[in-house]
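1. just a sequence and a predicted model for now, questions to come.
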Amino acid sequence: MARIALKIDVDTWRGTREGVPPLTALLREAGAGATFLFSLGPDHTGRAIFRALRPGFLQKVSRTSVVEHYGLRTLLYGVLLPGPDIGLREAATLRAVRAAGFEVGVHCWDHVRWQDHLLARDAAWAHAEMRRALERFTQIFGTAARVHGAAGWQFNEAAAHAEQEMGIAYASDTRGTHPFMPVAACGAPIGPAQLPTTLPTLDELIGLGGITEDNVHEHLLERTHSATQDHVYTLHAELEGMRLQHVLRSLIAGWRTQGHALVSLADLHATLDPATLPRLRIAQGTIAGRSGLLALQGEPVAA
């Protein structure tokens with residue numbers, strides 16, 4: 001038996017108001033733990049159109065029904081329509097998640113801004129963006145955030161330093177196979193423990209190799225069959241919280257049958273001893289089914 005931490009990325013205003021409440025109800029009904037990570041500033045989803053020249057982006061869009069999942073109006077925010085401020089409009093929705101017993105944390109201030117610009121900007125930019133999100137979180141919840149999960153798995157050493165300086169206790173900003181401590185080239189820790197996403201997401205799988213919305217859960221359950229190592233599964237309020245709720249129900253039932261415990265990132269982190277975690281670099285690389293570079297669990301620092 002293993003633990004599977006459910007990490008829920010909430011990217012948009014629509015996902016917050018229409019996807020989060022049913023997800024909360026579904027998970028409570030199932031008795032599953034989970035961590036909700038919120039986008040807290042303006043929804044500028046429409047500006048993602050500027051990724052059209054990125055290799056693989058148009059192919060991903062064509063096979064994952066972006067308009068159907070996100071809605072046409074959402075795809076106009078920040079381009080032809082002003083981007084609604086998610087944190088201001090949906091503070092009550094966010095607080096209701098914590099009141100329901102779930103862990104809450106920070107995804108970002110502006111999802112598209114972070115995802116498209118982090119790697120091209122300096123450390124001061126990363127610090128400023130993260131501080132805006134963390135300050136808004138404190139305004140909404142009355143307490144400081146302990147967990148962060150980077151938008152689009154866009155992350156680097158500057159962002160790790162920002163987490164460390166702003167009191168983030170643990171994070172899930174990367175892709176990988178097991179928890180680790182991020183370190184600089186000299187081997188010095190640069191941020192809190194990373195609990196990387198270990199399983200592929202629905203939008204990375206659907207439309208490839210004969211995988212459909214109706215059988216994608218079977219593919220994921222194959223990955224966790226007889227697993228003894230803990231996993232982190234990232235789901236999205238705009239997908240599993242809305243049109244693909246049936247996939248999440250099938251996954252929860254399957255994981256329960258396999259004997260796995262469904263937990264939050266906090267629960268998973270509580271089982272770890274940071275002193276014994278491997279000390280690894282943060283790398284940039286690609287993931288099958290997703291366009292562009294992502295932050296990956298890298299190699300150990302040479303002695």
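-> Cool, got the structure.

2. what segments of this structure are strands?
-> 3-10, 35-39, 103-108, 147-148, 170-171, 181-182, 193-194, 231-236, 261-263, 279-285, 294-300 (DSSP state E).

3. could you dump those strands to CSV with mean neighbour count?
-> Every residue, glycine included, has its C-beta placed from N, CA and C. Listed next are those as CSV, based on neighbours: other C-beta atoms under 10 Å:
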stretch, mean neighbour count
strand 3-10, 26
strand 35-39, 28
strand 103-108, 25
strand 147-148, 26
strand 170-171, 25
strand 181-182, 24
strand 193-194, 22
strand 231-236, 24
strand 261-263, 19
strand 279-285, 17
strand 294-300, 18
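
4. which one of these lies closest to I206?
-> strand 231-236 (12.2 Å; C-beta to C-beta).

5. so how far is that closest one from its chain's centroid?
-> Put simply, strand 231-236 sits 7 Å off its chain's centre (C-alpha atoms, centre = their mean, to the nearest Å).

6. that one vs strand 3-10, what angle?
-> On the basis of axes from the mean of the first three to the mean of the last three C-alpha atoms, to 10 degrees, strand 231-236 is oriented at 20 degrees to strand 3-10.

7. tell me the helices and strands packed up against whichever helix in the chain runs longest.
-> For the chain, the helix that runs over the most residues, judged by DSSP state H, is helix 123-141. On a contact count with 3 or more C-beta pairs under 8 Å, 6 or more residues apart in numbering; DSSP states H and E, helix 123-141 meets helix 86-89, helix 91-99, strand 103-108, helix 111-117, helix 157-165.

8. buried residues in it?
-> W125, A126, H127, E129, M130, R132, A133, L134, R136, F137, I140, F141 (16 or more other C-beta atoms under 10 Å).

9. correct me, but the second one touches E157?
-> It refers to A126. No - taking contacts as C-beta atoms under 8 Å, A126 lies outside contact range of E157: 9.3 Å.

10. ends of stretch 267-276, how far apart?
-> Terminal residues of stretch 267-276 lie 18 Å apart, using C-alpha to C-alpha, to the nearest Å.
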